[in-house]
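A.B. asks: Got a predicted model here, sequence first, then my questions.
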Amino acid sequence: MSANGEKKSASGNLNHSITRRDFFKGSAAAALGAAALGSSLRAAETAAELTVNGLPAVVFGRSGLKVTRISFGGILMTEPAVLSHVLDRGINLVHTAPGYMNGRSIEAFGKVLKTRRQETVLATKVMPGKDLDSALKTLNTDYTDFIIPPMDSIEEISRPGLREEFEKARQAGKCGHMGFACHTQSPELIDKMVELGFYGLILMSYADTGNPAFIDSLDRARKAGIGILAMKGLPKRAAGNPTAEERALYATLCGSMVNRLHAHTILASMGSFQAVDMYREILETRLSFHAPNLEESYRAGLDGSYCAMCDNCRGICPNGVAVKDIVRFRMYDRDYRMTAYARTEYAGLAENCRAGACDNCGLCENVCSRHLPLRGMLSEAHARLA
Ligand code: SF4
Ligand code: SF4
């Protein structure tokens, strides 16, 4: 058994005669595979009670891989034992990035994947032609199923040469499918992704958008075979040992995200054994996936500073302050307790885009779909992160 996953993996999808890595190689084989998977996708998606490791699962778009309906986000994880616990508890789609926890997350992944790669469906936040090789080295594997670099605009996802970089990496067997991680809820962006044809998934921030056009565009993407991985729909990270109240809240929120967004799977950050157990419990009971009044419950579960990432404030500030980005960095600091990461992200903004350039005109608050007290939030973020 190699790290290539020659035997049947936790995703339960491999033909035993070839490795998943080999399957990526060769455009003809992959194209045929994609077509076959696409044609069978609809039937597979509707097949009753798909499971992986006894947990509710779904066929993840045209990749054909079966993934659990809650996935593991490694943004808060530094201990290999936590990832081992995730796999022991049956969750199979796992995600990390070189920048998470100053590199400690991907290093912890590497320690576990060295012996357990075949049990995972791996998603890595890297660009195909840039940092893929070094990430794979740290991860102790020679391929990742998905690469999901952060991109938020039509210009970025359409960049000349990007498709070729991905195809080169795929044909070398280093990755299976390309997507992108996105914090902009733009129907035009989603439709462009579908039109470009080479994207197989999207890691999309999902919140209480109130924008049916965005939800419709995700539906079109899903019908086109794009895997929908939802992130940031949970208002704060699960604490070290979630209370009963928090467990009920998260169950409701997860149910809402699966039902309302039609997400294939939810990427949930888990930094502790207790958080892993909580999500496993949510998956097992499935009560949340059928709970009544989900929309109402979802809204009730959001706190007063939760950004819906609706993008209404984009370009609104006369001084050029990057309102939405700063609110997100504030969330990393305040809710995820990732102050160092938040400071690094904040430092990446141009000086004139930071909250210090705000003169309290209030225009951004006027357009905010969540009616957030943005001036105070920006000021607080600047004080903590500058
Ligand atoms: S309140 Fe500040 S950040 Fe908001 S639009 Fe006015 S100057 Fe820009
Ligand atoms: S700060 Fe308000 S307007 Fe801006 S993206 Fe968030 S919810 Fe939308």
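C.D. replies: Alright, I've got the coordinates. Numbering: from 1, shown residues only. Ligands and ions are numbered 1, 2, ... in the order given.
A.B. asks: Which residue, neighbours along the chain excluded, lies closest to Ser269?
C.D. replies: Spatially, and ignoring its direct neighbours in sequence, Ser269 is nearest to Gly73 (4.2 Å; CB to CB, 6 or more residues apart in numbering). All C-beta atoms are positioned from the backbone trio N, CA, C, and that covers glycine.
A.B. asks: Just list whatever residues bridge to that neighbour.
C.D. replies: In this entry, Gly73 is beta-bridged to His95, Ser269, by DSSP bridges.
A.B. asks: Quick check: it vs Ile316, distance?
C.D. replies: Going from Gly73 to Ile316 by CB to CB, to the nearest Å gives 30 Å.
A.B. asks: can you list the weak-confidence ranges in the stretch 201-350 of the chain?
C.D. replies: Applying pLDDT under 70 to the stretch 201-350 of the chain picks out residues 207-210, 234-241, 260-261, 286-303.
A.B. asks: Helices of that one, start to end?
C.D. replies: 212-223, 244-261, 273-285, 294-301, 323-334, 339-347 (DSSP state H, counting those that start in this stretch).
A.B. asks: Columns distance to Phe198 on top of those, output as JSON lines?
C.D. replies: Converted to JSON lines, the helices of the stretch 201-350 of the chain look like this (distance: least, CB to CB, whole Å):
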{"stretch": "helix 212-223", "distance to Phe198": "13"}
{"stretch": "helix 244-261", "distance to Phe198": "23"}
{"stretch": "helix 273-285", "distance to Phe198": "31"}
{"stretch": "helix 294-301", "distance to Phe198": "33"}
{"stretch": "helix 323-334", "distance to Phe198": "27"}
{"stretch": "helix 339-347", "distance to Phe198": "28"}
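A.B. asks: which one of those has the most crowded surroundings?
C.D. replies: Ranked by mean neighbour count, these are led by helix 323-334 with a mean of 22 (mean count of other CB atoms under 10 Å).
A.B. asks: For it, which outside residues touch it?
C.D. replies: Applying CB atoms under 8 Å, 6 or more residues apart in numbering, the external contacts of helix 323-334 come out as 183, 236, 305, 307, 309, 311, 313-314, 316-317, 338-339, 341-343, 345-346, 349, 353-355, 364, 372, 374, 377-378, 380-382, 384-385.
A.B. asks: is any part of it close to ligand 2?
C.D. replies: Yes: counting by CB under 6 Å from any ligand atom, contacts between helix 323-334 and ligand 2 involve 323-324, 327.
A.B. asks: Pick out whichever of these sits closest to ligand 1.
C.D. replies: Taking CB to the nearest ligand atom as the measure, ligand 1 lies nearest Val323 of the residues of helix 323-334 next to ligand 2, at 5.3 Å.
A.B. asks: tell me the phi and psi of the residue lying closest to the closest one once chain neighbours are set aside?
C.D. replies: Distances taken as CB to CB, 6+ apart place Cys313 nearest to Val323, at 4.4 Å, with adjacent residues excluded. Main-chain dihedrals, Cys313, degrees, to the nearest 10: phi -90, psi 0.
A.B. asks: my guess is Cys313 meets Cys368, correct?
C.D. replies: Yes: counting by CB atoms under 8 Å, Cys313 touches Cys368, with 6.2 Å between them.
A.B. asks: which residues do the two both contact?
C.D. replies: Leu374.
A.B. asks: residues contacting the most centrally placed residue in the chain?
C.D. replies: Nearest to the geometric centre of the chain sits Leu203, at 3.9 Å (CA atoms, centre = their mean). Shown in contact with Leu203 (CB under 8 Å, 6+ apart): 95, 123, 148, 179-182, 229, 231, 267.
A.B. asks: quick one: which of these sit in strands?
C.D. replies: Under the assignment DSSP state E, those contribute 95, 123, 179-182, 229, 231, 267 to strands.
A.B. asks: what residues are up against the residue in the stretch 151-300 of the chain that ligand 1 sits nearest to?
C.D. replies: Minimum separation of the stretch 151-300 of the chain from ligand 1 (CB to the nearest ligand atom) falls at His183, amounting to 17.6 Å. Residues in contact with His183 (CB under 8 Å, 6+ apart) are 150, 152, 205, 232, 309, 324, 328.
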